[in-house]
Every structure is written in structure tokens, then in C-alpha cells.
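Q: have a look at this fold, sequence not included:
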Ligand SMILES: Nc1ncnc2c1ncn2[C@@H]1O[C@H](COP(=O)(O)OP(=O)(O)OP(=O)(O)O)[C@@H](O)[C@H]1O
Ligand SMILES: [Mg+2]
């Protein structure tokens with residue numbers, strides 16, 4: 001009798017659960033369609049970029065300096081608007097939304113930058129708590145969640161310190177904790193290890209990887225060749241504002257032919273490019 005009741009309860013519960021194949025497809029967390037950014041003065045930051053990133057992905061965005069990586073990040077935060085094309089986050093065209101909704105968009109996107117951007121006069125605790133206060137989290141929840149996230153990033157013992165009492169790697173851990181404490185669906189990191197030594201960088205990248213494992217989509221802009229090659233995640237490569245490669249489980253660079261090597265070396269040495277060798281999309 002009891003067993004029959006359990007069986008019928010299970011059947012009822014199952015019938016309430018949508019089958020995975022009949023679940024309506026959720027839109028990609030990030031979708032750019034033919035997005036072009038022209039800066040005042042006419043410089044093209046991005047040119048007809050179309051990219052789709054699904055929920056839960058871990059993506060590296062790579063390419064030489066000036067190719068448009070930070071421009072891409074700024075587009076997603078609506079720090080910039082495209083001159084043409086569309087930018088959608090979680091299925092919403094963010095350039096269509098009224099300006100008054102932009103703070104709410106930004107609260108749903110965690111950000112980590114090369115220069116940490118911590119509040120210098122606030123403790124580690126306050127820097128992280130701030131991210132919860134702005135979304136109206138009750139104090140009791142903040143008191144519970146902040147120490148927990150700080151323990152997760154390995155800073156449980158530095159909770160009452162100020163940023164200038166921490167190493168660069170520790171400061172970056174605080175900014176990762178602040179970006180993730182509200183469990184946003186999307187986390188954008190623009191050269192998060194740019195100011196850190198290789199050993200410390202590994203720790204930060206491991207944290208971002210753990211965050212991704214919880215379901216948050218993570219987009220990391222980086223120049224760190226070794227890290228990209230080790231992690232083997234999706235790699236989107238920009239060159240001169242255009243996507244020249246989008247590869248699942250990619251390396252920092254594809255095997256270069258001689259002309260590509262020439263382009264990269266001229267770029268790294270600051271010698272002007274005479275010609276755009278990527279025009280035919282050879283590396284695609
Ligand atoms: N506010 C601006 N006004 C005019 N041009 C700009 C502006 N911001 C960026 N640019 C130009 O747009 C291009 C893309 O810049 P972006 O900052 O996106 O490059 P990046 O790939 O992030 O480079 P880096 O690796 O050096 O950070 C560059 O040529 C840059 O000079
Ligand atoms: Mg940049």
C-alpha cells in the first residue's frame with residue numbers, strides 16, 4: 001500500500017518534470033549578429049562580428065593588442081553601443097532596452113579586470129558585500145555568503161584586511177569573489193591575469209574554471225598562450241576587429257604559415273602591417 005502510494009507520487013512528480021528533449025530551447029547567453037563598433041573619429045573597433053555563446057560555456061577571447069577584445073566586453077555591458085548589428089544577452093537585445101534597465105543588466109554580469117578595481121578604503125569583506133547590497137540581499141544573507149565565498153577563493157583569513165595589504169594575486173581573488181558572489185549567469189574577465197606572475201595566474205584561472213563548473217558562462221580575454229593551450233576550451237580569435245577563428249577546444253594560436261608569422265611578428269614589434277593577410281579567413 002505504502003509502496004503503491006510512493007510509486008504514484010513518483011509518477012505524479014515525473015509528469016510535472018519537463019522531459020529534457022521537450023524543454024523549450026533557451027536562447028544563447030551571448031549573441032552578436034553582424035555587430036560593428038565605430039569609435040568617434042571613425043576607428044572601427046569591431047567589424048560585423050557574429051558570435052553565439054551558450055549557457056555554461058568557457059570561452060577564451062584572444063588576439064593581438066588593439067584587435068577589439070575589450071570592445072567586445074564593453075558591448076556586452078552596454079558601455080558601448082554597436083553602430084550596426086545586434087547584441088543580445090540571455091535573449092534580450094540590450095541596445096533595445098531603456099537606459100534605466102542597464103544597471104539591472106550589469107548586476108547580472110560579473111566582471112573581473114586586469115587592474116582589480118577594488119574600493120581602496122573598504123575591507124575585503126565590504127568590497128564583496130557591496131555586490132550583494134546593490135541587488136538588495138538581506139544583511140543576514142550577506143553575513144553568511146561573504147565569508148563563504150572568501151573561503152572558496154582562499155581568503156578566509158584576510159576578510160578584515162584592506163586591498164593595499166594584499167598581494168596582486170590576493171586582490172584579484174577578491175575581485176573574482178565579488179564578481180561571483182551573486183552567482184551571475186555570465187562572468188566576463190578582461191585580462192584577469194595580465195598583472196600577475198605565471199604561478200598566481202594559474203590559481204586565478206583555476207578559480208574561473210571552478211566558477212564555470214557551477215554553470216556560469218565564463219568569457220576570458222587573455223594573452224596567456226600557455227594557459228589557453230593547457231585548458232583546451234573554446235577559443236575565439238579576433239584580428240583587426242573581425243573573428244578569424246572560432247574553435248572548440250582550441251589552442252592560443254593555430255599553426256602559423258610564414259605570412260601569418262610575419263603578421264604576428266610585425267604586430268608584436270610594432271611595425272605597421274603592409275597588407276591584411278587574414279582577409280580570406282585562411283585561419284578559419
Ligand atoms: N575610446 C576609443 N576611441 C577610439 N578608438 C578606440 C577607443 N577604444 C579603443 N579604440 C581602438 O579600437 C581598437 C580596439 O581596441 P580594444 O581596446 O578593444 O583592443 P584590445 O583587443 O582590447 O587590445 P589590448 O589587448 O591592448 O587590450 C584599437 O585599435 C583601439 O585603439
Ligand atoms: Mg583590452
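A: Received the coordinates, thanks. These numbers were taken from a predicted model, which means no experiment stands behind them. Numbers count the residues shown, from 1 in each chain. Ligands and ions are numbered 1, 2, ... in the order given.
Q: buried residues in stretch 60-78?
A: 60-64, 67-76, 78 (16 or more other Cβ atoms under 10 Å). In this view, the C-beta of every residue, glycine as well, is placed from N, C-alpha and C.
Q: avg pLDDT for it?
A: Averaged across stretch 60-78, the pLDDT comes to 97.
Q: how long is it end to end?
A: The first residue of stretch 60-78 is 20 Å away from its last residue (Cα to Cα, to the nearest Å).
Q: check whether that stretch contacts ligand 1.
A: Yes - residues of stretch 60-78 contacting ligand 1 under Cβ under 6 Å from any ligand atom: 63, 65, 66, 67, 68, 69, 70, 71.
Q: quick one: the strands in the protein?
A: 30-38, 44-53, 58-62, 84-89, 92-93, 109-113, 186-190, 217-221, 234-239, 242-247 (DSSP state E).
Q: residues near residue 196, how many?
A: A count of nearby residues for residue 196, using other Cβ atoms under 10 Å, gives 21.
Q: distance of it relative to residue 136?
A: Applying Cβ to Cβ, to the nearest Å, the value for residue 196 to residue 136 is 33 Å.
Q: so what's the gap between stretch 115-133 and the chain middle?
A: 19 Å (Cα atoms, centre = their mean, to the nearest Å).
Q: report the buried residues of it.
A: For stretch 115-133, by 16+ other Cβ under 10 Å, it's 116, 118, 123, 124, 125, 126, 127, 128, 129, 130, 131, 132.
Q: same question for it, mean pLDDT?
A: The pLDDT scores in stretch 115-133 average 97.
Q: any idea what residue 219 is bridged to?
A: residue 59, residue 188 (DSSP bridges).
Q: my guess is it contacts residue 188, does it?
A: Yes - with contact defined as Cβ atoms under 8 Å, residue 219 reaches residue 188; the gap is 5.1 Å.
Q: what do the two both touch?
A: Shared contacts of residue 219 and residue 188 (Cβ atoms under 8 Å, 6 or more residues apart in numbering): 73, 76.
Q: what does the stretch 1-150 of the chain have sitting close to ligand 2?
A: Contact residues, the stretch 1-150 of the chain versus ligand 2 (Cβ under 5 Å from the ion): 69, 70.
Q: how about the helices in the stretch 1-150 of the chain?
A: For the stretch 1-150 of the chain, applying DSSP state H, counting those that start in this stretch gives helices covering 2-16, 69-76, 102-107, 124-133, 139-152.
Q: got the contact list for the third one?
A: Helix 102-107 is contacted from outside by 77, 78, 89, 94, 97, 134, 135, 182, 184, using Cβ under 8 Å, 6+ apart.
Q: 10 Å instead, please
A: For helix 102-107, the surrounding residues in contact (Cβ atoms under 10 Å, 6 or more residues apart in numbering) are 76-79, 89-90, 92, 94, 97, 131, 134-136, 182, 184.
Q: can you list the low-confidence ranges for the stretch 151-284 of the chain?
A: Scanning the stretch 151-284 of the chain for pLDDT under 70 picks out 255-261, 264, 273-284.
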